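Peer 1: please work out how this folds:
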Amino acid sequence: MPKIADIEDTPNPNAKKFVLKEPLTWGITRSYDDAAQAMGDPLASTLFDIEHVTNVFYVDHWITVTQDGRADWQELMRKLADPIRAAPAASEQSAQLASAAAAGAIADLSPEDRDRLDRINNLLDEQIRPYLQGDGGDLHVLGLEGNTLTVHYQGACGSCPSSLSGTLSGIEYLVKSIEPDVEVVAV
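Peer 2: Below is the predicted model of the structure:
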C-alpha cells in the first residue's frame, strides 16, 4: 500500500501529481483517458468512479490524476487519497512485464530502424522525459515509420495546452539533431 509523500501542482491546472513512497509499477506506464480504457485496472477504475476524474496516469513512484476543471481540488484530493493509498505496491512480476513490453515494441522494425529508435529513445530519456515526468506526465513513443515518429503524451501532458504546441516543437527540434528528416506527430 503506497503512502503519499507529496502532492504537486503540474503546469496543467487540471492535473495533480501524487508522489508516492512506494512504487505502483516498475517502469510500466498506465495511462487511461476514460473509465472504459481503465477496465481491468482496479486502481484506475476506482479513481474514475470519483466524479470529475478525466485521466489517470501512473508509473513507478507517482500517479497523476486529471479532472474536468469543475471540482474543488482540496475536496477532490481527499477523495483520491484513499484509493491511491489502498493500491498494491509494485512486485517483481511488474518488472518482468516491463521488460517484455519493451521488447515487443521494436519486434517488427528492421535492425536499422531499431537503432534509429534506440537513439531517439535515449535522447528522449536524457533530455525530455525527466522534465515531463517532473510535471506529472510522460511521452510514449508509439512507433517509427519511415521518417515519422509517432508519440503519445501521457498524464498531465495529455491535456496540457502547451504539450501540443511548444513542447512538441521542442521535441521535434531535439530529435532532428540526430535524425534531421524526422517529423514528430502526437496522437
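Peer 1: for the rest of this, base every contact and every neighbour count on C-alpha atoms.
Peer 2: OK.
Peer 1: show me where the chain has helices.
Peer 2: In chain order, the chain shows helices spanning 42-48, 73-86, 92-105, 111-127, 129-134, 168-176, with DSSP state H as the criterion.
Peer 1: any idea which of these is most buried?
Peer 2: A comparison of these by mean neighbour count, using mean count of other C-alpha atoms under 10 Å, puts helix 42-48 on top with a mean of 20.
Peer 1: and the helices of the chain, which one's lowest on average pLDDT?
Peer 2: The stretch with the lowest mean pLDDT among the helices of the chain is helix 92-105, at a mean of 52.
Peer 1: closest one to A156 among the helices of the chain?
Peer 2: With C-alpha to C-alpha as the criterion, A156 lies closest to helix 129-134 of the helices of the chain, at 8.6 Å.
Peer 1: number of residues surrounding Y58?
Peer 2: Y58 has 27 neighbouring residues, counting by other C-alpha atoms under 10 Å.
Peer 1: domain assignment for this protein?
Peer 2: Per automatic domain parsing, the domain ranges recorded for the chain read 4-94, 106-186.
Peer 1: picking that back up, reformat the helices of the chain into JSON lines and put distance to V185 next to each item.
Peer 2: Supplementary listing: those in JSON lines, determined by distance: least, C-alpha to C-alpha, whole Å:
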{"stretch": "helix 42-48", "distance to V185": "27"}
{"stretch": "helix 73-86", "distance to V185": "32"}
{"stretch": "helix 92-105", "distance to V185": "18"}
{"stretch": "helix 111-127", "distance to V185": "14"}
{"stretch": "helix 129-134", "distance to V185": "16"}
{"stretch": "helix 168-176", "distance to V185": "8"}
